[in-house]
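Student: sequence plus the predicted model coming up.
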Amino acid sequence: PASGRAADVLACAHTCFDAAIRLIRPGNRVSDASPPLNAIAECFQCTLVEGVMTHNMKQFVIDGNKCVLNRTSAEQKVEDSCFEEHEVYAIDIVVSTGEGKARVLNEKQTAVFKRALNVEYSLKLKASRA
């Protein structure tokens, strides 16, 4: 069981996630989702990490065109639009007890690979093609 500031961060992330689920509804605006999340983080004396975005998803596309900034900043701007029916979003909530800036602890490189839709792959094995 967590206690102290660790419990605050977990409770803040859970509450922000619940709020994001309720805010991402058809008819709501993308710009209206960020301020309540920041208010929740302030209540827990935490901060949302800069640069973390919630993206819409499509078939074979993880990061779609529509995105929601969890924490607004001067360096990053997103296009304001409305949420529509039948859209799917990957909600990313990252909370910190510090200043809300990501830092590198060790120099190990990680990579996330995604499929390029404009490239056709020719797989050798029949099972792979299936």
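Tutor: Great, that's in hand.

Student: so where's the longest helix in this protein?
Tutor: In the chain, with assignment by DSSP state H, the single longest helix is helix 5-23.

Student: show me where pLDDT drops low in the protein?
Tutor: Scanning the chain for pLDDT under 70 picks out nothing.

Student: the protein: strands as residue ranges?
Tutor: For the chain, applying DSSP state E gives strands covering 47-48, 53-57, 67-69, 88-90, 95-96.

Student: using TSV, please lay out the ones you listed together with distance to residue 109.
Tutor: Placement of C-beta: from N, CA and C, glycine included. Converted to TSV, those look like this (distance: least, CB to CB, whole Å):
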stretch	distance to residue 109
strand 47-48	25
strand 53-57	22
strand 67-69	24
strand 88-90	23
strand 95-96	23
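
Student: which one of the ones you listed lies closest to residue 119?
Tutor: Of all the strands of the chain, strand 53-57 sits nearest to residue 119, with 19.8 Å by CB to CB.

Student: and the contacts of that closest one?
Tutor: By CB atoms under 8 Å, 6 or more residues apart in numbering, the residues outside strand 53-57 that reach it are 20, 24, 33, 62-70, 78, 87-92.
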